[in-house]
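Q: Pasting the sequence and the predicted coordinates here, then a few questions.
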Amino acid sequence: MKRLLSTLMAVCIIALCASASKTVKGKVVSATDNEPLIGASVQAIGSNQGTGTDINGEFTVTINDNVTHLRVSYVGYREQIVAAASYATVALEEDDLTLDEVMVVAYGTTKKTSFTGSAQAVNNKKIETRPITSATKALEGNVGGIQIGGSSGQPGAAPRRKNKV
């Protein structure tokens, strides 16, 4: 009985040592205005443990004792690697180079650099001055070469584009 009890005790001690972990708490903010970044990714380097920040930019992650650093990233900001201390405040700097300008075209989206057609932007200054009832009416007269007309006489029917030849 003593042997069984001591063997069971040894197994429990080994299991506790093998699963030794620590909890790291912190906050992720923008370096420019010190505002919290909601949904920033916090991942333990060398393991699959990680979490995201809450509405206040705060996070709590339980990591193994062998993990020494955390990778913090957010879209539009430079990734940062920080020490896994008991509490960490991470200030991420904006990274303008990671964001490409995206254009919405009739058949999907494309990057501005790979777009080969002609494009025209309609800003809010042109739209604000006119009484419009729909998005298609906002484009009419503001974009060269486009004519929009009703597809039927039915009120509320979707407009269609008239091809100009």
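A: Looks like it arrived, so ask away. For clarity, every value in this text was computed on a predicted model and none was experimentally measured. Numbers count the residues shown, from 1 in each chain.
Q: in the chain, which spans are helices?
A: Taking DSSP state H, the helices of the chain run over residues 2-18, 124-128, 135-139.
Q: In terms of mean pLDDT, which of these ranks lowest?
A: Among the helices of the chain, helix 2-18 has the lowest mean pLDDT, at a mean of 62.
Q: T53 versus E35, what's the distance?
A: 12 Å (CB to CB, to the nearest Å). Bear in mind the C-beta positions are built from the backbone N, C-alpha and C, glycine included.
Q: what does T129 give?
A: Counting by CB to CB, the gap from T129 to T53 is 41 Å.
Q: Repeat that for R3.
A: Taking CB to CB, one finds R3 at 50 Å from T53.
Q: Kindly list the longest strand within this structure.
A: Longest strand in the chain by number of residues, with DSSP state E as the criterion: strand 21-30.
Q: I'd like to know which elements that strand is packed against.
A: Packing partners of strand 21-30 (3 or more CB pairs under 8 Å, 6 or more residues apart in numbering; DSSP states H and E): strand 58-64, strand 87-92.
Q: Please identify the buried residues of the longest one?
A: If you call a residue buried by 16 or more other CB atoms under 10 Å, then strand 58-64 has these buried ones: 59, 61, 63.
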